[in-house]
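> How does the following fold in three dimensions:
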Amino acid sequence: MTVRVDRVPTVLEAELRRRRWSREDAARELTRAARDLGIVGGWSLSLRQLDRWLSGEVRIPRGVACRVAEHVFGRPIEVLLGPVRPVSADPESEAPVAPATVGEFVVRSGEASRDHAAMAAAGAVAPATLEQLHAEVRRLAHAYASTPPLGLLSQLMRTRDLAYELLSHTRRPSQLSELYLVAGQVCGLAATTAFDLGHRDAAEDHGRAAWTYGDLIDHPALRAYARGVQATIAFWSGRPGEGLRYVNSGLTFAHGPAAVRLHAIGARAYAMLGAAGDARQALRLAMETADRGERGDEMTDEVGGEFAFGRPRFALCAGAVNITLGDGRSAAHAAGEALRLYGQTSAEQKRWAVHYGAWMDLATAHALQDNLDGAAEALAPALRLDKERRTARLAQRLVMLRATVDRSRYRGSAVAHEVSSAIDDFNACSLAWSVRQALPAGS
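Predicted coordinates for the structure are as follows:
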């Protein structure tokens, strides 16, 4: 009768199981790491060779292979190819160290410290890689102003996934914090991008993730930004009360432009609740904060782009607040100011959403004052926006305009019919509609 003795798995085998990698996955990641380390020649790894590593048949591979494996798994090669050491369930069951072996015990204690330190040192991401990730976040934050949402979301997800992958390659607390910051910033941008594409559930998931990462690393700027994103999604989704709770939470972490942004978002939520006094007070607080000229945080000032909140965006927000309150005159003034400030903005900072949103709000402001000819004239530039930039938020602005036209005393006139038809045609080609049409049934 043959008695089967189970082989003790190697640490490398255990690592593959923990990461849910197949042999093919591991070979692919090792090859990619070799390329990232600049090892062009002298590297090859067959599945047969990898099987020998996994079984522990190979004691110490050649130098290049050692370096690549230690980089990927963050452990010395001797540990990776050795057996998994069982952990005793009963600490008292360990035999005491006999006096005759004290010297050996001391030596082994030093070796254990050395090995653990080596594992920690091996588990790190190259500083240049982190620098490149931060540069990519800055590029994406600025690209938000000019890139169509669908293409931008694809770039955001590639950057997020790279940050996720690198999190498994480092043990250094400072690097983990940097990678969670990158992931949170990208998820914040992805939240508003997904919402622009008409997917509120995905937007809320991204926004919640951004907040979680900011909270995890205790990063005030990321937490303030994430709360602003969540508040914006909430009030656009018809939940202004929830939006205000996010605003109040975010204000505990915000100062400078971040606080201006949150006060402005709060004004929109108050207006939707019909609290005109609170809405105007929130706008005043935003303006007073902006006038103080306080320095912002590292996201608003150093990264900038979508993380910043300048005067054109504030003016656009003020116009939307006044539209919701039914004050056409104030709304027209604010929308006109947004267009004026947009014209003074440098080319790389111009946000097309501000430009077209301001024209839409100006048209709505004219309609609120029963000036349908003025509404049609202001709407004309907005209707020229190409289809790949017709976001859900812009489409919703036009829904508000159509409702205003339908309520005007000129309802049924030729001009009213012309404006309503133009809005329906525009929104029929909006991104939210196009994306829904492209999805498989049941998505």
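> Break the protein down into its domains, please.
Under the assignment automatic domain parsing, the domains of the chain span 8-84, 126-281, 310-443.
> any idea of the mean pLDDT for the second one?
Here the mean pLDDT over domain 126-281 is 94, rounded to a whole number.
> So residue 249 versus residue 419, what's the distance?
As for residue 249, its distance to residue 419 is 40 Å (criterion: Cβ to Cβ, to the nearest Å). Where you see a C-beta, it was placed from the backbone N, CA and C, and this is true even at glycine.
> So those two - more neighbours on which side?
The neighbour count for residue 249 versus residue 419, taken as other Cβ atoms under 10 Å, is higher for residue 419 (26 against 18).
> Run through the residues that contact that one.
By Cβ atoms under 8 Å, 6 or more residues apart in numbering, the contact set of residue 419 is 363, 367, 372, 375, 376, 379, 401, 402, 405.
> Go through the helix or strand hosting it and flag the buried ones.
Counting by DSSP states H and E, the element that carries residue 419 is helix 414-428. Buried residues in helix 414-428, counted by 16 or more other Cβ atoms under 10 Å: 416, 419, 420, 422, 423, 426, 427.
> Ok, stretch 293-305 next?
296, 297, 299, 300, 303, 304, 305.
> a markdown table for those residues, including secondary structure and pLDDT?
Formatted as a markdown table, these follow (DSSP: H, G, I helix; E, B strand; the rest coil; pLDDT from 0 to 100):
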| residue | secondary structure | pLDDT |
| --- | --- | --- |
| 296 | coil | 88 |
| 297 | coil | 90 |
| 299 | helix | 96 |
| 300 | helix | 93 |
| 303 | helix | 94 |
| 304 | coil | 92 |
| 305 | helix | 92 |
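> which two from those residues end up farthest apart in space?
The widest separation within the buried residues of stretch 293-305, taken as Cβ to Cβ, falls between 297 and 305 and amounts to 13.9 Å.
> longest single helix anywhere in the chain?
When the chain is parsed with DSSP state H, its longest helix is helix 173-196.
> got a list of contacts for the next helix or strand after that helix?
Next helix or strand after helix 173-196 toward the C-terminus (DSSP H and E): helix 200-216. Outside helix 200-216, the residues that touch it by Cβ under 8 Å, 6+ apart are 180-181, 183-185, 187-188, 190-192, 194-195, 219-223, 225-227, 229-230, 233, 237.
> Give the PyMOL command for selecting the buried subset of the residues you listed.
A single PyMOL command selects the buried members of the contacts of helix 200-216 (16+ other Cβ under 10 Å):
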select buried, resi 180+181+183+184+185+187+188+190+191+192+194+195+219+220+221+222+223+225+226+227+229+230+233
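> Which parts of the stretch 251-400 of the chain are helices?
Remark: helices assigned in the stretch 251-400 of the chain by DSSP state H, counting those that start in this stretch are 257-272, 276-292, 311-324, 328-344, 352-368, 372-382, 392-407.
> Between helix 392-407 and the fourth one, find me the angle.
Right, the one you point to is helix 328-344. Interaxial angle, helix 328-344 versus helix 392-407 (axes from the mean of the first three to the mean of the last three Cα atoms, to 10 degrees): 150 degrees.
> Show me what helix 328-344 is packed against.
With contacts defined as 3 or more Cβ pairs under 8 Å, 6 or more residues apart in numbering; DSSP states H and E, helix 328-344 has these neighbours: helix 311-324, helix 352-368.
> now those helices as a markdown table including mean neighbour count and distance to residue 387?
Conversion of the helices and strands packed on helix 328-344 to a markdown table gives the following (neighbours: other Cβ atoms under 10 Å; distance: least, Cβ to Cβ, whole Å):
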| stretch | mean neighbour count | distance to residue 387 |
| --- | --- | --- |
| helix 311-324 | 25 | 22 |
| helix 352-368 | 25 | 13 |
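> now these in a markdown table, with distance to residue 337 and mean pLDDT?
Output for the helices and strands packed on helix 328-344, formatted as a markdown table (distance: least, Cβ to Cβ, whole Å; pLDDT from 0 to 100):
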| stretch | distance to residue 337 | mean pLDDT |
| --- | --- | --- |
| helix 311-324 | 4 | 95 |
| helix 352-368 | 9 | 93 |
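> so which of those comes closest to residue 25?
Closest among the helices and strands packed on helix 328-344, using Cβ to Cβ: helix 352-368, at 40.6 Å.
> now that closest one and helix 392-407, what's the angle there?
Computed by the same axes, to 10 degrees, the angle separating helix 352-368 from helix 392-407 equals 10 degrees.
> where's helix 352-368 relative to the chain centroid, distance-wise?
Relative to its parent chain, helix 352-368 has a centroid offset of 28 Å by Cα atoms, centre = their mean, to the nearest Å.
> and the closest residue to residue 314 other than its chain neighbours, how many neighbours does it have?
Leaving aside its sequence neighbours, residue 314 sits nearest to residue 264 (Cβ to Cβ, 6 or more residues apart in numbering; 5.7 Å). Neighbour count for residue 264, taken as other Cβ under 10 Å: 28.
> Does residue 264 touch residue 285 like I think?
No: using Cβ atoms under 8 Å, residue 264 is not in contact with residue 285; the gap is 9.1 Å.
> Can you measure across stretch 293-308, start residue to end residue?
End-to-end distance of stretch 293-308 (Cα to Cα, to the nearest Å): 13 Å.
> for stretch 243-258, same thing?
End-to-end distance for stretch 243-258: 16 Å, by Cα to Cα.
> list the buried ones in that stretch?
Using 16+ other Cβ under 10 Å as the test for burial, stretch 243-258 gives 243-244, 246-247, 249-251, 253-258.
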